[in-house]
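**Student:** Predicted coordinates and the sequence they were generated for:
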Amino acid sequence: GAVVSQHPSRVICKSGTSVKIECRSLDFQATTMFWYRQFPKQSLMLMATSNEGSKATYEQGVEKDKFLINHASLTLSTLTVTSAHPEDSSFYICSARGMEGSGGYTFGSGTRLTVV
Amino acid sequence: SQQGEEDPQALSIQEGENATMNCSYKTSINNLQWYRQNSGRGLVHLILIRSNEREKHSGRLRVTLDTSKKSSSLLITASRAADTASYFCATPTGGGNKLTFGTGTQLKVEL
């Protein structure tokens, strides 16, 4: 089945630095990828929709200059958390939907970001 | 904003028992999906039920959908310790392109 690979699984960074998270579709082409944020024991909140070859669409309240999304190819989307602060510490998860537009979504394994 | 509210928030049962989780949503849907998340991991798609379906089975999973009540339920029969996880319902929103998740149910199956 479809596999989405997300890296890194864990990252610790210092305040003020930037962190890049990668999301790759391994055996299918993903025209659209989604980035979610999840706080402990809470649900997933959609941050943005990443579209191949065009600008990402951000959800209300999400700072696009802080969370930079690039979807340069049909198999790779990246999320860069710029000038990270401790409050950005969270679990970030990507998901992808194939070109056929089927109802199922495939998720990456998530990235635990800790900003110290 | 959250599309779905789930209850219970947490459920603890003994191995072999059945677990039922409920999800309510607010707007009209084309389909409703259930996902499982092990602690600190990504989500795994379990089952999708379309708006014209009332019940669907997959192994030990049984999902029902009542569009008149805007609700769905997930039943896990003969639960196992390995079923311990968080379970989320999700519905396509924003023109059907993105998923909005419910609040989730944390299931713990004890030996």
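**Tutor:** Arrived safely, thanks for sending. Residues are numbered from 1 along each chain as shown, chains lettered A, B, ... in the order given.
**Student:** Tell me which residues touch residue 67, please.
**Tutor:** I'll assume chain A. By Cβ atoms under 8 Å, 6 or more residues apart in numbering or on different chains, the contact list for A:F67 reads A:35, A:47-48, A:58, A:79-82. Every residue, glycine included, has its C-beta placed from N, CA and C.
**Student:** right idea, wrong chain: chain B
**Tutor:** Neighbour list for B:T67: B:28-29, B:51 [criterion: Cβ under 8 Å, 6+ apart].
**Student:** go on, B:L107?
**Tutor:** Contacts of B:L107 by Cβ under 8 Å, 6+ apart are B:10-13, B:19, B:21, B:76, B:79, B:83-87.
**Student:** Reformat those as TSV; add distance to A:K66 and pLDDT.
**Tutor:** Shown next, in TSV, are those (distance: Cβ to Cβ, whole Å; pLDDT from 0 to 100):
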residue	distance to A:K66	pLDDT
B:A10	33	95
B:L11	37	96
B:S12	39	97
B:I13	42	97
B:A19	39	97
B:M21	35	97
B:I76	39	98
B:S79	42	98
B:D83	38	98
B:T84	35	98
B:A85	31	97
B:S86	27	96
B:Y87	31	97
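**Student:** How many residues are close by A:H7?
**Tutor:** When neighbours are defined as other Cβ atoms under 10 Å in any protein chain shown, A:H7 has 13 of them.
**Student:** roughly how far apart are the closest residue to A:S90 other than its chain neighbours and chain B?
**Tutor:** Distance criterion Cβ to Cβ, 6 or more residues apart in numbering or on different chains; nearest residue to A:S90, sequence neighbours excluded, is A:R37 at 5.1 Å. Relative to chain B, A:R37 is positioned 12 Å away (Cβ to the nearest Cβ, to the nearest Å).
**Student:** quick one: A:R37 from B:L46, how far?
**Tutor:** Computed as Cβ to Cβ, to the nearest Å, the A:R37 to B:L46 distance reads 22 Å.
**Student:** Next: A:S25.
**Tutor:** From A:S25 across to B:L46, the span is 20 Å (Cβ to Cβ).
**Student:** Next to chain B, which bits of chain A? Give me the list.
**Tutor:** Residues of chain A found near chain B (Cβ under 8 Å from any Cβ of the partner chain) are A:4, A:6, A:32, A:34, A:41-44, A:46, A:49, A:91, A:93, A:95, A:97, A:103-110, A:112.
**Student:** Of those, which qualify as buried by neighbour count?
**Tutor:** Buried by 16 or more other Cβ atoms under 10 Å in any protein chain shown: A:4, A:6, A:32, A:34, A:43-44, A:46, A:49, A:91, A:93, A:95, A:97, A:103, A:105-110, out of the residues of chain A next to chain B.
**Student:** still on that earlier bit, highest neighbour count among the contacts of B:L107?
**Tutor:** Tallying neighbours with other Cβ under 10 Å puts B:M21 at the head of these, with 25 neighbours.
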